[in-house]
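[1] predicted model and sequence below, questions to follow.
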Amino acid sequence: MTFNQWLEQAIAKLTGGDSPKRDAEILLGHVTGKTRTFLMAFSETELDADQQSRLDELLCRRLQGEPIAYLVGSREFWSLLLKVSPVTLIPRPDTEKLVELALERLPTIDCDILDLGTGTGAIALALGHERPDSSVTGIDYQAEAVSLAQDNADNLNINNVHFVQGDWFEPLNDAYFDMIVSNPPYIDESDPHLSQGDVRYEPNSALIAAQQGFADLNHIIEQAPDYLKPGGWLLLEHGWTQGEQVRTLFKQRGFELIATHQDYGGNERVTLGRWFKH
Ligand SMILES: C[S@@+](CC[C@H](N)C(=O)[O-])C[C@H]1O[C@@H](n2cnc3c(N)ncnc32)[C@H](O)[C@@H]1O
């Protein structure tokens with residue numbers, strides 16, 4: 001069977017999903033080790049028996065709903081190729097909005113950044129990569145996520161980011177940051193979306209928060225001022241229906257310049273505020 005023949009039959013089987021062509025090309029590229037351009041230019045290349053059986057197994061798992069990023073073990077975020085694993089969330093394109101907003105607000109001099117619930121290290125690594133003069137700390141509760149994030153930093157040769165295991169701010173001692181960013185768990189446990197699509201394969205520890213999804217957002221908003229330098233920023237990703245309540249929590253805590261920004265799909269996604277008191 002040629003590359004092209006495999007692609008055609010895989011796309012036909014994957015038509016129920018969101019992106020059949022993209023999924024089939026990613027699987028073919030992963031197993032053959034070839035770029036998308038190569039697959040297109042040499043589409044009459046024959047697959048060997050081993051490649052074909054690996055592809056059929058991966059296609060079968062994809063048809064059962066397993067996320068493509070877990071099947072190939074990686075996902076691109078902010079143009080950085082990150083290793084992913086089922087211990088934490090697969091980085092989402094909408095989280096790049098948080099990175100964009102953060103970069104627009106970071107001081108132009110050396111700065112200290114904290115990423116809470118770092119997972120693969122996606123946000124921390126994107127910021128560290130864009131701002132080599134910064135020092136970025138990423139914290140995650142899951143030891144496996146911390147070692148995954150550290151592997152990503154090592155593979156990408158990003159040396160100004162370090163990762164620590166712990167419960168939100170708990171590992172920090174006398175540490176103050178110019179900016180705190182987080183994409184914490186924010187889904188209510190009864191949300192029907194949890195039984196649909198890729199999230200079925202992602203760990204609850206990365207998705208679900210108590211108090212209708214607000215417990216971790218609230219905890220971070222309450223504690224963040226104790227770790228921010230005067231004028232420091234807090235930026236939080238949240239669910240598209242949570243903007244109003246998150247703004248209220250920022251306001252009640254005493255943040256200023258509070259605003260919510262939309263993601264690339266036009267949904268309220270990131271709320272930010274600045275801390276001036278001390
Ligand atoms: C929604 S995922 C975000 C991962 C990554 N920052 C991203 O945007 O792709 C939330 C992360 O928070 C971590 N987490 C959950 N509870 C935590 C806690 N109490 N302290 C620190 N991290 C926690 C989870 O392990 C998970 O990696």
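    Perfect, thanks for sending it.

[2] sticking with residue 38, tell me its helix or strand.
    helix 36-41 (DSSP states H and E).

[3] what's in contact with that helix?
    3, 7, 25, 28-29, 32 (Cβ atoms under 8 Å, 6 or more residues apart in numbering). Yep, even glycine has a C-beta here, placed from its N, CA and C like the rest.

[4] can you show me the helices along the stretch 101-250 of the chain?
    122-130, 143-156, 204-207, 215-223, 243-253 (DSSP state H, counting those that start in this stretch).

[5] format the ones you listed as TSV; extra columns: mean pLDDT.
    As requested, the helices of the stretch 101-250 of the chain are exported to TSV (pLDDT from 0 to 100):
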stretch	mean pLDDT
helix 122-130	98
helix 143-156	98
helix 204-207	96
helix 215-223	98
helix 243-253	98
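
[6] may I see the ones you listed arranged in a markdown table, with mean neighbour count and distance to the ligand as well?
    Compiled in a markdown table, the helices of the stretch 101-250 of the chain are given as follows (neighbours: other Cβ atoms under 10 Å; distance: least, Cβ to the nearest ligand atom, whole Å):
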| stretch | mean neighbour count | distance to the ligand |
| --- | --- | --- |
| helix 122-130 | 26 | 4 |
| helix 143-156 | 19 | 5 |
| helix 204-207 | 17 | 4 |
| helix 215-223 | 19 | 6 |
| helix 243-253 | 17 | 15 |
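
[7] closest to residue 49 out of the ones you listed?
    Closest approach to residue 49 among the helices of the stretch 101-250 of the chain (Cβ to Cβ): helix 143-156, 30.9 Å.

[8] CA-only coordinates of the closest one in CSV, if you can.
    Once non-C-alpha atoms are left out, helix 143-156 reads as follows in CSV (Å, rounded to 0.1, in the frame of the first residue of the first chain):
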residue,chain,number,x,y,z
ALA,A,143,5.5,14.5,40.0
GLU,A,144,5.2,12.9,36.5
ALA,A,145,4.2,16.2,35.0
VAL,A,146,7.2,17.9,36.6
SER,A,147,9.6,15.4,35.1
LEU,A,148,7.8,15.6,31.7
ALA,A,149,8.1,19.5,31.8
GLN,A,150,11.8,19.2,32.7
ASP,A,151,12.3,16.7,29.8
ASN,A,152,10.7,19.3,27.5
ALA,A,153,12.9,22.1,28.8
ASP,A,154,16.0,19.8,28.3
ASN,A,155,15.0,18.7,24.8
LEU,A,156,14.3,22.3,23.8
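
[9] so which residues make contact with it?
    The contact list for helix 143-156 (Cβ under 8 Å, 6+ apart) reads 80-85, 87-88, 118-121, 124-125, 128-129, 138, 140, 159, 161-165.

[10] burial check on the closest residue to residue 47 other than its chain neighbours, number of neighbours?
    Spatial nearest neighbour of residue 47, chain neighbours left out: residue 1 (5.4 Å); criterion: Cβ to Cβ, 6 or more residues apart in numbering. When neighbours are counted by other Cβ atoms under 10 Å, residue 1 registers 14.

[11] hmm, residue 1 is touching residue 52, no?
    Yes. Applying Cβ atoms under 8 Å as the test, residue 1 and residue 52 come out as touching, 6.1 Å apart.

[12] wasn't residue 258 part of a strand?
    Yes. The assignment for residue 258 (DSSP: H, G, I helix; E, B strand; the rest coil) places it in a strand.

[13] let me see the contact set for it.
    247, 250-251, 271-273.

[14] and it, how far is that from residue 250?
    Between residue 258 and residue 250 the computed distance is 5 Å (Cβ to Cβ, to the nearest Å).

[15] can you list residues touching both of those two?
    By Cβ under 8 Å, 6+ apart, the residues touching both residue 258 and residue 250 are 271, 273.

[16] related to what we said a few turns ago, distance to residue 234 and secondary structure added to the contacts of helix 36-41, as a markdown table?
    Output for these, formatted as a markdown table (distance: Cβ to Cβ, whole Å; DSSP: H, G, I helix; E, B strand; the rest coil):
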| residue | distance to residue 234 | secondary structure |
| --- | --- | --- |
| 3 | 48 | helix |
| 7 | 45 | helix |
| 25 | 39 | helix |
| 28 | 43 | helix |
| 29 | 39 | helix |
| 32 | 45 | helix |
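
[17] near the ligand too, which of the residues you listed?
    Contacts with the ligand are made by none of the contacts of helix 36-41, judged by Cβ under 6 Å from any ligand atom.
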